[in-house]
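Enquirer: below: sequence and its predicted model.
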Amino acid sequence: MLGRFPRGGQRAWNVRHRAIENTLGRTIVFPSLSKRVAILGSTGSIGRSALEVIEHLGRPYRIAALSAHTQVAMLMEQARRYRPAAVALTGHPPDMDLRDELRSVGTDVYFGPEGLAEIASRQDVDIVLVAVVGAASLPAVLSAVAAGKRLALASKEALVVAGCLLVPEARRRHAEILPVDSEHSAVFQASQAGRRAEISRLILTGSGGPFLRATAAQMEDATVADALKHPTWRMGSKITIDSATMFNKALEIIEACWLFDMPPERIDVVIHPESIVHSMVEFVDGSVLAQMAPPDMRTPIQYALTYPERLPGLGRRLDLASLAALHFEQPDPRRFPALRLAYEVARVRGTAGAVLNAANEAAVAAFTQGRISFPRIAALVEETLAAHNVVPDPSLETLLEADRWAREKVGALMNRSCRSMSST
């Protein structure tokens, strides 16, 4: 299967690449000699950081495919610089001039969601890094897993919406799913200190976002600008608002259940404003192992690409002496109801994750458009979940239908509220 072993024979190979239990419960991971990476969402902040990491790593890592939604100019610039074998534009109609221009430098061009799925399953791609926000990446993610690729997931939504399909398919196809989210990467790294049976609980950390110290009244009056003032990370607007509502942590709870095959009651969340401890794993003997580093997404991106090896990276180094203190506290469930909803969804599974994710996306969009107040985001998600009849064992079509239904339901709830207010 592996061909001949490196110098030192099979024993040396096994020592260097020791048998471990990965996120899907398989016991041995064999690193591929080929490292051709497709970046889905290469024009976003995660995608651009991934390009930096691959450029830093050099051979045998190289960029095999790129994709963007609407940022044509940036994708063209990336294609000219990195000369990938393929690119995909998901939010742009087929453009023959664009296709001809890129084909002249040896790049295949795809359009639409189908094109994204095509590049994710190409034979000249070994690792698919998913940095596409929302459920739009689902067909491509499933296509990559069906083709047996290593999946480096920076997008929470794939597992939140379709973990019930994605994880069993990955097991069948012997495809790896490795986390890029800083919290899940931290859990993945710390969990390697023991066997899965020795893990007592997972502890996800969160900064608390811009409203950690805000009162309920202040949150009621919060503007979009207020919600976008994240104290630690610089991210896109959707994920930054999710941090303000703590729906980002809600999605991470559900994602961790699927990634680490862990029941929700063994996953805790603590607020850690400094964002130095990215998450922790508690073992049955009471030991708690933490992964610590300055906030820099290049570190978990690189680990997902190079695992099981660690290579010199671009991430900033941690200066322990400069840290005055590290603080931890429990989140307030009254001001951040998203966490309660996450535990409920994680227990129910089925189509509940798709509904929570879609309702949140629709509510966040309404908030950014000035149509609803900040606290109304969580309220709309809760009302939508309450109205949903969960399908326990859904197909992809059922999940996508649940996604569509949830978005429509949020709109209907908003319209009903407007009519109610106008009649008073």
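Expert: Okay, I see it. Residues are numbered from 1 along each chain as shown.

Enquirer: CA only for contacts and neighbour counts going forward, please
Expert: Fine.

Enquirer: what's the local residue count around the nearest residue to T245 once chain neighbours are set aside?
Expert: Distances taken as C-alpha to C-alpha, 6 or more residues apart in numbering place F336 nearest to T245, at 6.2 Å, with adjacent residues excluded. Neighbour count of F336, defined by other C-alpha atoms under 10 Å: 21.

Enquirer: that's a strand at F336, yeah?
Expert: No - under DSSP: H, G, I helix; E, B strand; the rest coil, F336 sits outside any strand and is assigned coil.

Enquirer: for S155, what are phi and psi?
Expert: phi -100, psi 120 (degrees, to the nearest 10).

Enquirer: show me the contacts for it.
Expert: By C-alpha atoms under 8 Å, 6 or more residues apart in numbering, the residues touching S155 are 130-134, 181.

Enquirer: please read off the pLDDT at it from the model.
Expert: With respect to pLDDT, S155 scores 87.

Enquirer: got phi/psi on the residue nearest to T245?
Expert: phi -130, psi 70.

Enquirer: quick one, helices of the stretch 1-150 of the chain?
Expert: 9-16, 45-57, 72-82, 96-103, 112-120, 138-146 (DSSP state H, counting those that start in this stretch).

Enquirer: compare those helices and give me the one nearest T368.
Expert: Nearest to T368 among the helices of the stretch 1-150 of the chain is helix 45-57; the distance by C-alpha to C-alpha comes to 19.8 Å.

Enquirer: buried ones in the closest one?
Expert: Neighbour-count burial for helix 45-57, counted by 16 or more other C-alpha atoms under 10 Å, picks out 46-51, 53-54, 57.

Enquirer: now, which of the contacts of S155 sits nearest A68?
Expert: Closest to A68, out of all of those and judged by C-alpha to C-alpha, is V132, at 8.5 Å.

Enquirer: grab the nearest non-local neighbour of the closest one.
Expert: Closest to V132 by C-alpha to C-alpha, 6+ apart is G41, at 4.9 Å.

Enquirer: distance-wise, check that neighbour relative to A73.
Expert: Distance, G41 to A73, using C-alpha to C-alpha, to the nearest Å: 14 Å.

Enquirer: please say which of these two ends up with more neighbours.
Expert: Shown here are G41 and A73; by other C-alpha under 10 Å, G41 has more neighbours (27 against 11).

Enquirer: I'd say that one and G134 touch.
Expert: No - under the criterion of C-alpha atoms under 8 Å, G41 is not in contact with G134, lying 11.3 Å apart.

Enquirer: got the end-to-end distance for stretch 141-154?
Expert: Note: stretch 141-154 ends 11 Å apart using C-alpha to C-alpha.

Enquirer: low-confidence regions, the stretch 251-400 of the chain specifically.
Expert: The stretch 251-400 of the chain contains no residues with pLDDT under 70.

Enquirer: now the helices for it?
Expert: Assigned by DSSP H, counting those that start in this stretch, the helices in the stretch 251-400 of the chain fall at 298-306, 338-348, 352-368, 376-387, 396-422.

Enquirer: give me whichever of these is most buried.
Expert: helix 352-368 (a mean of 25; mean count of other C-alpha atoms under 10 Å).

Enquirer: how far off centre is it?
Expert: Its chain's C-alpha centre and that of helix 352-368 lie 16 Å apart, by C-alpha atoms, centre = their mean, to the nearest Å.

Enquirer: ok, now stretch 133-142?
Expert: Offset of stretch 133-142 from its chain centre (C-alpha atoms, centre = their mean): 11 Å.

Enquirer: repeat for stretch 244-263
Expert: That offset, for stretch 244-263, works out to 10 Å (C-alpha atoms, centre = their mean).

Enquirer: just the CA coordinates of it, formatted as PDB?
Expert: Extracted in PDB, the C-alpha atoms of stretch 244-263 (Å, rounded to 0.1, in the frame of the first residue of the first chain):
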ATOM      1  CA  ALA A 244     -21.100  38.900  19.200                       C
ATOM      2  CA  THR A 245     -24.200  36.600  19.600                       C
ATOM      3  CA  MET A 246     -22.100  33.600  20.500                       C
ATOM      4  CA  PHE A 247     -23.700  31.700  17.700                       C
ATOM      5  CA  ASN A 248     -20.100  31.000  16.500                       C
ATOM      6  CA  LYS A 249     -19.700  29.000  19.800                       C
ATOM      7  CA  ALA A 250     -23.100  27.400  19.300                       C
ATOM      8  CA  LEU A 251     -22.000  26.100  15.900                       C
ATOM      9  CA  GLU A 252     -18.700  24.900  17.400                       C
ATOM     10  CA  ILE A 253     -20.500  22.800  20.000                       C
ATOM     11  CA  ILE A 254     -22.400  21.000  17.300                       C
ATOM     12  CA  GLU A 255     -19.300  20.700  15.200                       C
ATOM     13  CA  ALA A 256     -17.300  19.200  18.100                       C
ATOM     14  CA  CYS A 257     -19.900  16.600  18.700                       C
ATOM     15  CA  TRP A 258     -19.400  15.300  15.100                       C
ATOM     16  CA  LEU A 259     -15.600  15.800  14.900                       C
ATOM     17  CA  PHE A 260     -14.800  14.100  18.100                       C
ATOM     18  CA  ASP A 261     -17.700  11.700  18.500                       C
ATOM     19  CA  MET A 262     -18.600  13.300  21.800                       C
ATOM     20  CA  PRO A 263     -22.000  13.800  23.400                       C
END
